[in-house]
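Visitor: below are the sequence and a predicted model for it; my questions follow.
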Amino acid sequence: DGGITQSPKYLFRKEGQNVTLSCEQNLNHDAMYWYRQDPGQGLRLIYYSQIVNDFQKGDIAEGYSVSREKKESFPLTVTSAQKNPTAFYLCASSVLAGQETQYFGPGTRLLVL
Amino acid sequence: GNSVTQMEGPVTLSEEAFLTINCTYTATGYPSLFWYVQYPGEGLQLLLKATKADDKGSNKGFEATYRKETTSFHLEKGSVQVSDSAVYFCALRRKGAQKLVFGQGTRLTINP
């Protein structure tokens, strides 16, 4: 079945630690996105990538980094510079950036110890 | 700027009741409009969409009509079920833009 997978489902971060969230898609989509969801709020865009080896900052990129070495994969690293990382992180993809519907993965919940 | 405003939740209804969740937007030009649904502990699923004025999106008994004159995209369902309990997000995307702009979400609970 085609779809978007995210792992792990839950992730715990210690103070000063970098952690990486995985996002993989087998939909052959060119564009991929990372959103952050906080309780009672809508989603906010962290980073997006239109094509392999290219990515752009979204509205709240500070404290995060990404890479896009393969079309299928768009991992997100939450660095120690992100002072309030506790949130639900959602990865999405679309056929082409800015032109098609975005489809979402099941999400990763990040908690700080 | 572009923004989406949804009716405040939570909303609690009895099974078979009529549902309306209001959504209004502010945007330049004519954006595409979406409703997404999020079940507990899961990611978002696309429920329906409309890409131009007067379009009606529909899926699983839910409907929403793109109203340019009132800048609205209200979600409706004639008879809700317990399984419809979820958080519903209204969103827009400007033509050619990369990101979706979301409302804050409306939590819906349906009691048997």
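Guide: Yep, that arrived. Numbers count the residues shown, from 1 in each chain, chains lettered A, B, ... in the order given.

Visitor: how about stretch A:13-25: buried residues?
Guide: A:13, A:19, A:21-25 (16 or more other C-beta atoms under 10 Å in any protein chain shown). (Each C-beta comes from the backbone N, C-alpha and C, glycine too.)

Visitor: what about the closest residue to chain A within chain B, neighbour count?
Guide: Nearest to chain A, among the residues of chain B, is B:Phe102, at 3.1 Å (C-beta to the nearest C-beta). Residues lying near B:Phe102 (other C-beta atoms under 10 Å in any protein chain shown) number 23.

Visitor: nearest to chain B among the buried residues of stretch A:13-25?
Guide: Nearest to chain B among the buried residues of stretch A:13-25 is A:Cys23, at 10.8 Å by C-beta to the nearest C-beta.

Visitor: other residues contacting stretch A:54-65?
Guide: With contacts defined as C-beta atoms under 8 Å, 6 or more residues apart in numbering or on different chains, stretch A:54-65 is touched by A:33-34, A:36, A:44-50, A:66-68, A:74, A:76-79, A:81-83, A:85, B:98-99.

Visitor: ok, now with 7 Å
Guide: Here stretch A:54-65 makes contact (C-beta atoms under 7 Å, 6 or more residues apart in numbering or on different chains) with A:36, A:44-49, A:66, A:68, A:76-79, A:81-83, B:99.

Visitor: can you list the buried residues in it?
Guide: A:55, A:58, A:61, A:64-65.

Visitor: re earlier: got the buried residues of stretch A:13-25 as a markdown table, with distance to B:Lys60 and pLDDT columns?
Guide: What follows is those, written out as a markdown table (distance: C-beta to C-beta, whole Å; pLDDT from 0 to 100):
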| residue | distance to B:Lys60 | pLDDT |
| --- | --- | --- |
| A:Arg13 | 37 | 88 |
| A:Val19 | 36 | 95 |
| A:Leu21 | 30 | 97 |
| A:Ser22 | 30 | 97 |
| A:Cys23 | 27 | 98 |
| A:Glu24 | 28 | 97 |
| A:Gln25 | 24 | 97 |
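
Visitor: which of the residues you listed fall within strands?
Guide: Taking DSSP state E as the definition of strands, the buried residues of stretch A:13-25 contribute A:13, A:19, A:21-25.

Visitor: hmm, back to that, most widely separated two among the buried residues of stretch A:54-65?
Guide: Spatially, the most separated pair among those is A:Gly58 and A:Ser65, at 12.6 Å (C-beta to C-beta).

Visitor: how about the strands in chain A?
Guide: Using DSSP E, strands in chain A cover A:4-7, A:10-13, A:19-25, A:31-37, A:43-51, A:54-57, A:64-66, A:76-78, A:87-94, A:103-104, A:108-112.

Visitor: go on, chain B?
Guide: Using DSSP E, strands in chain B cover B:3-6, B:11-14, B:19-21, B:23-26, B:32-38, B:44-50, B:56-59, B:62-65, B:75-77, B:86-93, B:101-102, B:106-111.

Visitor: of all those, which one is nearest A:Tyr103?
Guide: So among those, strand B:44-50 is nearest, using C-beta to C-beta, at 6.7 Å.

Visitor: could I get the buried residue list for the closest one?
Guide: B:44, B:46-50.

Visitor: ok, of those, which one's closest to B:Leu108?
Guide: Nearest to B:Leu108 among these: B:Leu47, at 11.8 Å, using C-beta to C-beta.

Visitor: residues touching the closest one, list them.
Guide: B:35-37, B:59, B:62.

Visitor: and it, how far is that from A:Pro39?
Guide: Separation of B:Leu47 from A:Pro39 (C-beta to C-beta, to the nearest Å): 21 Å.
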